[in-house]
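Enquirer: Output the structure for:
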Amino acid sequence: MNAINPGKTVSLCIMSGKGGVGKTNISLNLGFALRDLGHRALLMDCDLGLANLDVLLGLAPEKNLQDMLAGSALAQEVVQTIETGLDILPAASGVPEMVEMDQNQQGALFDKLTNLVSAYEFLILDLGAGISGTVLSLARMAQMRVVLVTPEPTSLTDGYAIIKVLHSRFGVRDFLVVVNQATVQEAKDTFQRLNLACKNFLGFELVHLGHVRLDRTMTDAVIHQTPLARHAPTCGAMKDITTLAERVGRYREENLEAIAGRQALKQIL
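Expert: Numbers count the residues shown, from 1 in each chain. Next up, the predicted model:
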C-alpha cells in the first residue's frame, strides 16, 4: 500500500473565485512556514498563463512548467531550490494556451508531477483565480482544497461560485476555508455566511481552517520581493500563516497511514 504514495505527500491547492485576495502570498508564505516547521515542501505556480510566484521571490527562472510539459526540460531542471527544504516549480507568464490545457496536456502534467512529488511531504498548488477548465482540473487532483476569501461581498460570492461549480459538476464536497485580510470577528462572520450558503443550497458544510489578519507588512514584503516569512517573520500575518501551517502539518501527522494509501495527486482523466 505504501508504494501508492511513498513520500506520504499531501497535496493542497489554494484557490479563489476572484483575483486580488492574496492567494499567491498565502501560498508562498505557507510554504515557508511548513519548511520552518521541518517539512519538505514544493510550491507549484499553477497560474499557468500569468505566473507570479517567481516575481514575489525576485527570481527570473530560465526554465518553467511549459518547458517541462513540452519535453524540452526535465522536471529536475525546472524545479528551483529557494531554501533547503523548500523548492518552487515556476510557471510560464504571458502564454495564453497554458490557461486551458487539453486532456493530453493534463495527463502529461499528472504523470510528471506524480513522479516528482514523492520527494516532498507537501505539494502546494497556487491556482489561478476563477473557474477555467485547468483550475477545476487541478483543484480536483489535489487532496485538500483551500478556498481563500476576504470579507468583501464580491469575494464571498465568487468563492461560493467556485465551490458550487466543483460540487455540481464533479461532486466535490470537501473544502477548507481561509479568510484573508480580516479580524477574528470578521473571519468568523465571513465563514459563517459562506458556510450557511453551502449548507442551505449545496447540502454540505465547510471547514474553517483559519484566518490571516490585514497587515501592512505584507505589502512591504511584496514591494521588496521578499517573502513575508523572511521580511517580517514575527508580524501578525505571519503568525497567522504559521498557525495554518501547524494545522496542516498536524493533519498529515495524524493521517499518515491513510495518506500513504492514496495518491498524492488524484488521477481524474
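
Enquirer: who touches residue 53 in this structure?
Expert: 24, 27, 28, 43, 45, 47, 88, 90, 91, 126 (C-beta atoms under 8 Å, 6 or more residues apart in numbering). For every residue, glycine as well, the C-beta is placed using N, CA and C.

Enquirer: hang on, I meant residue 263
Expert: Residues near residue 263 by C-beta under 8 Å, 6+ apart: 4, 5, 114.

Enquirer: got a pLDDT number for it?
Expert: For residue 263, the pLDDT comes out at 90.

Enquirer: Against residue 40, how distant is it?
Expert: Going from residue 263 to residue 40 by C-beta to C-beta, to the nearest Å gives 18 Å.

Enquirer: Backbone torsions only: list them for residue 211.
Expert: phi -140, psi 160 (degrees, to the nearest 10).

Enquirer: I'd like to know which elements the lowest-mean-pLDDT helix or strand in the chain is packed against.
Expert: Least confident helix or strand, the chain: helix 103-116 with a mean of 79, by mean pLDDT, DSSP states H and E. Packing partners of helix 103-116 (3 or more C-beta pairs under 8 Å, 6 or more residues apart in numbering; DSSP states H and E): helix 65-70, helix 75-78, helix 133-141.

Enquirer: Tell me which residues are up against the host helix or strand of residue 179.
Expert: Using DSSP states H and E, residue 179 sits within strand 176-180. Around strand 176-180, the neighbours that count as contacts under C-beta under 8 Å, 6+ apart are 21-22, 26, 144-151, 159, 186-187, 190-191, 194-195, 206-212, 244.

Enquirer: Switch the contacts of residue 53 over to JSON lines; also include distance to residue 138.
Expert: Output for the contacts of residue 53, formatted as JSON lines (distance: C-beta to C-beta, whole Å):
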{"residue": "24", "distance to residue 138": "15"}
{"residue": "27", "distance to residue 138": "13"}
{"residue": "28", "distance to residue 138": "17"}
{"residue": "43", "distance to residue 138": "14"}
{"residue": "45", "distance to residue 138": "11"}
{"residue": "47", "distance to residue 138": "10"}
{"residue": "88", "distance to residue 138": "16"}
{"residue": "90", "distance to residue 138": "16"}
{"residue": "91", "distance to residue 138": "11"}
{"residue": "126", "distance to residue 138": "10"}
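
Enquirer: Any chance of a markdown table for those, columns neighbour count, distance to residue 230 and pLDDT?
Expert: Formatted as a markdown table, these follow (neighbours: other C-beta atoms under 10 Å; distance: C-beta to C-beta, whole Å; pLDDT from 0 to 100):
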| residue | neighbour count | distance to residue 230 | pLDDT |
| --- | --- | --- | --- |
| 24 | 24 | 16 | 91 |
| 27 | 26 | 15 | 95 |
| 28 | 28 | 10 | 95 |
| 43 | 29 | 14 | 95 |
| 45 | 29 | 19 | 88 |
| 47 | 23 | 22 | 78 |
| 88 | 24 | 14 | 94 |
| 90 | 27 | 18 | 88 |
| 91 | 26 | 22 | 82 |
| 126 | 26 | 18 | 93 |
